[in-house]
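Chemist: okay, sequence plus prediction incoming.
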Amino acid sequence: MHDDINEDRDMRERAAAENPRDLVGELINAAGRRPVPPADTYHQVFAAAHTSWHQALRARQRRRWVIAMAAAAAAAAVGLTTVLDFDSVPAVATVSIAEGEVFVLSPTAADWQPMAGDGGSIVAGSQIRSGPGSGAALSISGSSSLRMHASGELTLESAGRVTLRAGTIYLDSGPATGSAGFEVVTPFGTVRDIGTQFEVASSAQRLRIRIREGAVELENSGQEAAVLGSAGEQISLDIDGELRRDAFSPFDAEWGWAEALAGAPEIEGLSLLQFLSWVARETGRDLRFDAPRTETRARSVTLHGRAQDLAPLQALNAMLATTDFRYSLLEDGIILVTSDAGAGQ
């Protein structure tokens, strides 16, 4: 009996395997034929679907356009900001002389660049470095001058403020009375001038100030009151706070590095008297003539040529070489000018 039951089950399974049941087909047959919609209804549904697709496509295009315009506006805003930031940094100095390895790091630049030659602009906030045996001279506010000795580092904060971290600088606020002065910030204190020519040297151990003309004021937190210095003085302040004063001649040879960076004025059309006055001021000396007639002639003589690359006394030798004027340097700091034409007058 048991064997008959098993045999019957095996026969049913083989039959099912040979003729599998189509369940999906049975379901479709049971549902019957799907009615065909009317033509109007078909076109309405198609039109609605088509319209919906176009609306979705336009919306997607609008989103892309808005995103693209926003990106372009953002890029333009960044570019505009960059331009405005660059333009908002004022040029406060012009390069007169750059000798050797002198480099500038502008606040709008990423890397140090060699200082441009004659006529290059320096913007506020620029850092300047000079290598060994190098130097630079900047023209500031017309008649004012800043000269930088070798192996120095400073920041030109503005037309009237300098941060000196190391090295030696020479500042000349111009011969005109009432000229804007300078403020030099150092690790030892702040030096302010009163219409003068002066030198500031700063190192890790000492601050030194030499005053050639006019007066300066040194403000230091370790001093109860500001220290005042006048022409012909040298003031030194060491790291221990010791203050010292010494006499220092306005025409001492150690001013020579600053004189070498003076840069002669435009000679063409200048009177000899004007040129002689420039030489005297740049060398810390007084000008004197051997006779009134010599001074009158110097006032009427017009110079021609150029001497921009020469130090003051070198330029003086070049300018007088083709004239009957001569000069002598006296021990008391006088430039004595004589004239062969005025001899015996």
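Modeler: Perfect, I can see it now.

Chemist: any regions of the stretch 101-250 of the chain where pLDDT drops low?
Modeler: Along the stretch 101-250 of the chain, segments meeting pLDDT under 70 span 176-180.

Chemist: quick one: the strands in it, in order.
Modeler: For the stretch 101-250 of the chain, the strands defined by DSSP state E, counting those that start in this stretch occupy 102-105, 113-114, 121-123, 126-130, 135-140, 144-148, 152-158, 161-172, 183-186, 189-202, 206-219, 227-230, 233-238, 243-247.

Chemist: which elements pack onto the third one?
Modeler: Just to be clear, that refers to strand 121-123. Here strand 121-123 touches strand 91-99, going by 3 or more Cβ pairs under 8 Å, 6 or more residues apart in numbering; DSSP states H and E. Where C-beta positions appear, they are placed from N, C-alpha and C, glycine not excepted.

Chemist: for the strand it packs on, output the C-alpha coordinates as PDB.
Modeler: C-alpha atoms of strand 91-99 as PDB (Å, rounded to 0.1, in the frame of the first residue of the first chain):
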ATOM      1  CA  ALA A  91      51.400 103.500  -2.600                       C
ATOM      2  CA  VAL A  92      53.300 105.400   0.100                       C
ATOM      3  CA  ALA A  93      56.800 105.400  -1.400                       C
ATOM      4  CA  THR A  94      58.700 105.400  -4.700                       C
ATOM      5  CA  VAL A  95      62.000 103.600  -5.200                       C
ATOM      6  CA  SER A  96      64.900 106.000  -6.000                       C
ATOM      7  CA  ILE A  97      67.800 103.500  -5.700                       C
ATOM      8  CA  ALA A  98      68.000  99.800  -5.200                       C
ATOM      9  CA  GLU A  99      71.500  98.300  -5.000                       C
END
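
Chemist: tell me the strands beside it, with direction?
Modeler: As defined by DSSP bridges, the strand partners of strand 91-99 come to strand 121-123 (antiparallel), strand 135-140 (antiparallel).

Chemist: tell me which of the ones you listed sits most buried.
Modeler: Of the strands paired with strand 91-99, the one with the most neighbours on average (mean count of other Cβ atoms under 10 Å) is strand 135-140, at a mean of 23.

Chemist: care to break this protein down by domain?
Modeler: Residue ranges for the domains of the chain, per automatic domain parsing: 37-88, 91-255, 262-342.

Chemist: ok so, going back, now the strands of the stretch 101-250 of the chain in TSV, with distance to residue 255?
Modeler: Shown next, in TSV, are the strands of the stretch 101-250 of the chain (distance: least, Cβ to Cβ, whole Å):
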stretch	distance to residue 255
strand 102-105	20
strand 113-114	27
strand 121-123	24
strand 126-130	18
strand 135-140	13
strand 144-148	11
strand 152-158	16
strand 161-172	8
strand 183-186	17
strand 189-202	8
strand 206-219	7
strand 227-230	16
strand 233-238	12
strand 243-247	14
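
Chemist: how about the strands paired with strand 91-99 in CSV, adding distance to residue 207?
Modeler: CSV is the format used below for those (distance: least, Cβ to Cβ, whole Å):
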stretch, distance to residue 207
strand 121-123, 24
strand 135-140, 20
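
Chemist: correct me, but residue 260 touches residue 136?
Modeler: No: proximity of residue 260 to residue 136 does not meet the contact threshold set by Cβ atoms under 8 Å, at 11.5 Å.

Chemist: show me what contacts residue 115?
Modeler: Contacts of residue 115 were listed using Cβ atoms under 8 Å, 6 or more residues apart in numbering, and they are 95, 98, 102-104, 128, 136.

Chemist: same thing but 6 Å
Modeler: Residues counted as contacts of residue 115 (Cβ atoms under 6 Å, 6 or more residues apart in numbering) are 98, 102, 104.

Chemist: residue 214 now?
Modeler: 194-196.

Chemist: now the buried members of the residues you listed.
Modeler: 195-196 (16 or more other Cβ atoms under 10 Å).

Chemist: any idea which of the contacts of residue 214 is closest to residue 146?
Modeler: residue 196 (13.1 Å; Cβ to Cβ).

Chemist: the closest one contacts residue 213, correct?
Modeler: Yes: using Cβ atoms under 6 Å, residue 196 is in contact with residue 213, at 5.2 Å.

Chemist: which SSE is residue 288 in?
Modeler: Applying DSSP states H and E as the criterion places residue 288 in strand 286-289.

Chemist: in its sheet, what does that strand sit against?
Modeler: In the sheet, strand 286-289 lines up against strand 334-339 (parallel) (DSSP bridges).

Chemist: and the average pLDDT for the strand it pairs with is what?
Modeler: Across strand 334-339, pLDDT averages out at 97.

Chemist: can you list contacts of that strand?
Modeler: Here strand 334-339 makes contact (Cβ under 6 Å, 6+ apart) with 280, 285-290, 294, 324-328, 330.

Chemist: turn those residues into CSV, columns for distance to residue 143, neighbour count and pLDDT.
Modeler: Below are the contacts of strand 334-339 laid out as CSV (distance: Cβ to Cβ, whole Å; neighbours: other Cβ atoms under 10 Å; pLDDT from 0 to 100):
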residue, distance to residue 143, neighbour count, pLDDT
280, 16, 20, 97
285, 19, 20, 97
286, 20, 15, 97
287, 19, 19, 98
288, 24, 16, 98
289, 25, 21, 98
290, 30, 16, 97
294, 28, 22, 97
324, 31, 13, 95
325, 26, 22, 97
326, 29, 13, 97
327, 25, 18, 98
328, 29, 11, 97
330, 28, 11, 97
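
Chemist: many thanks, I have nothing further to ask.
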